[in-house]
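Student: Need coordinates for the following:
(chains A and B)
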2 protein chains.
Amino acid sequence: MLIRPATPADADVIWQILEPVIRAGETYALDRDMSRDDALAYWLGRDRETFVAIDADAVVGTYYLRANQAGGGRHIANCGYMVSPHATGRGVARAMCEHSLAHAKSRGFRGMQFNFVVSSNTRAVAAWEAMGFAVVGRLPAAFLHPTLGFVDALVMFRSLVD
Amino acid sequence: MLIRPATPADADVIWQILEPVIRAGETYALDRDMSRDDALAYWLGRDRETFVAIDADAVVGTYYLRANQAGGGRHIANCGYMVSPHATGRGVARAMCEHSLAHAKSRGFRGMQFNFVVSSNTRAVAAWEAMGFAVVGRLPAAFLHPTLGFVDALVMFRSLVD
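Tutor: The predicted model follows:
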């Protein structure tokens, strides 16, 4: 799997990955009716670096890396990852997370934080724990899942320094 | 103390409150060299409601209220509060917090979350605990304090439903 920086020419394939995740509304706290332009402006924002994962000449995933806070919090990174519905179960998320951890370290970040992991997304929670992340916070009933109702969201953290 | 919505005419007094807090860099994860325009665009952003607290005809504090997340996370509020350095110890933060809790409830929010309370700001932590907030997360060494070095940041939460 090749992971490279996204370019404006990737907008269509990135949107094909983002749209079903946003419309489902089960894993990201984004408006389900978010427009293509708003979603791409968010995912490819100037405050972040965005990458695409390529397998057999197809874009199978995308992620962004940014500082989670400004000022005195600028040394902690934040990422978001999305995998094509046609490429689940192939280790794409894991590969992107590994890439992001190495890239964040190379950028001088000292830790990585996920602000809002929906607790019912147990596959993601397990994947991040396997990548060395720990649950450092639990936000009670902070996410309204379209079928499960109110569920907790988790804050997960991993240090990038020894 | 009167608390009312901020207007564009309040920009100067709001900046007089924001500037020393931002320049000190001890309590908010904002760039210490943030410009007046950027700070006011942030504090008075279109995604939030901003208020000022008035005591003896002087603006002594300001706060904003917004949804902490979009989509399935839109029912949790987030606030930021700043008090004039000339008005500390007079209960201004407490009065603004009480106002914000009532206002958030009236807007239908089901909880309020502070994403990044610097742990060395013990006065703020104690004040929010006295207002019914609990520490629900601890972000290890997530804040670089200008004199204390790396300190933890806390995630604090309070329910607004019975």
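Student: Please, which helix or strand holds A:Ser120?
Tutor: Counting by DSSP states H and E, there is no helix or strand that carries A:Ser120.
Student: If you could redo that for A:Asp31, that was the one I meant.
Tutor: Secondary structure assignment for A:Asp31, by DSSP H and E: no helix or strand.
Student: Tell me which residues touch it, please.
Tutor: Neighbour list for A:Asp31: A:22, B:70-71, B:74 [criterion: Cβ atoms under 8 Å, 6 or more residues apart in numbering or on different chains]. (C-beta placed from N, C-alpha, C; glycine too.)
Student: who wins for neighbours among these?
Tutor: Ranked by neighbour count (other Cβ atoms under 10 Å in any protein chain shown), those have A:Ile22 at the top, with 24 neighbours.
Student: Surely that residue is within a strand?
Tutor: No. Applying DSSP: H, G, I helix; E, B strand; the rest coil, one finds A:Ile22 to be helix, outside a strand.
Student: ok, it - contacts?
Tutor: A:28, A:30-32, A:34, A:39.
Student: if we can go back for a sec, give me the subset of the contacts of A:Asp31 lying in helices.
Tutor: A:Ile22 (DSSP state H).
Student: What lies in contact with stretch A:135-150?
Tutor: Contacts of stretch A:135-150 with the rest of the structure, by Cβ under 8 Å, 6+ apart, involve A:24-26, A:29, A:32, A:116, A:118-120, A:125, A:129, A:151-157, B:69, B:72-76, B:110-111, B:113, B:136-140, B:155, B:157, B:159.
Student: Could the C-alpha coordinates of that stretch be exported in PDB?
Tutor: Taking C-alpha atoms only, stretch A:135-150 is exported to PDB below (Å, rounded to 0.1, in the frame of the first residue of the first chain):
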ATOM      1  CA  VAL A 135      -8.900   5.700  26.500                       C
ATOM      2  CA  VAL A 136      -8.100   8.900  28.600                       C
ATOM      3  CA  GLY A 137     -11.600  10.300  28.700                       C
ATOM      4  CA  ARG A 138     -15.300   9.200  28.400                       C
ATOM      5  CA  LEU A 139     -17.900  11.800  27.300                       C
ATOM      6  CA  PRO A 140     -21.300  10.600  28.600                       C
ATOM      7  CA  ALA A 141     -24.000  10.300  26.000                       C
ATOM      8  CA  ALA A 142     -22.100  12.800  23.800                       C
ATOM      9  CA  PHE A 143     -23.100  11.200  20.500                       C
ATOM     10  CA  LEU A 144     -26.600  10.700  19.100                       C
ATOM     11  CA  HIS A 145     -26.300   7.500  17.000                       C
ATOM     12  CA  PRO A 146     -28.900   7.300  14.300                       C
ATOM     13  CA  THR A 147     -30.100   3.800  15.400                       C
ATOM     14  CA  LEU A 148     -28.600   3.300  18.900                       C
ATOM     15  CA  GLY A 149     -29.600   6.600  20.400                       C
ATOM     16  CA  PHE A 150     -27.200   8.400  22.800                       C
END
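Student: Would you mind listing the buried residues in that stretch?
Tutor: Of the residues in stretch A:135-150, those buried under the neighbour-count criterion (16 or more other Cβ atoms under 10 Å in any protein chain shown) are A:135-137, A:139-145.
Student: Can you name the two of those that sit furthest apart?
Tutor: By the measure Cβ to Cβ, A:Val136 and A:Leu144 form the most distant pair in the buried residues of stretch A:135-150, at 22.8 Å.
Student: what are the ranges of the helices in chain A?
Tutor: A:11-24, A:36-43, A:92-106, A:122-130.
Student: Turn the ones you listed into a markdown table, including mean pLDDT.
Tutor: Shown next, in a markdown table, are those (pLDDT from 0 to 100):
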| stretch | mean pLDDT |
| --- | --- |
| helix A:11-24 | 97 |
| helix A:36-43 | 98 |
| helix A:92-106 | 97 |
| helix A:122-130 | 96 |
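Student: just the ones you listed: most buried one?
Tutor: For the helices of chain A, the largest average neighbour count (mean count of other Cβ atoms under 10 Å in any protein chain shown) is found in helix A:92-106, namely a mean of 18.
Student: is chain B contacted by that helix?
Tutor: No. For helix A:92-106, no contact with chain B is found by Cβ under 8 Å from any Cβ of the partner chain; the gap never falls below 14.1 Å.
Student: tell me what that helix is packed against?
Tutor: strand A:2-5, strand A:48-55, strand A:58-67, strand A:76-83, strand A:111-118, helix A:122-130 (3 or more Cβ pairs under 8 Å, 6 or more residues apart in numbering or on different chains; DSSP states H and E).
Student: Tell me the strands beside the second one, with direction?
Tutor: Spelled out, it's strand A:48-55. Paired neighbours of strand A:48-55 in the sheet (DSSP bridges): strand A:2-5 (antiparallel), strand A:58-67 (antiparallel).
Student: before we move on, what about the fifth one?
Tutor: Paired neighbours of strand A:111-118 in the sheet (DSSP bridges): strand A:76-83 (parallel), strand A:149-159 (antiparallel).
Student: what angle do it and helix A:122-130 make?
Tutor: Angle, strand A:111-118 to helix A:122-130, by axes from the mean of the first three to the mean of the last three Cα atoms, to 10 degrees: 160 degrees.
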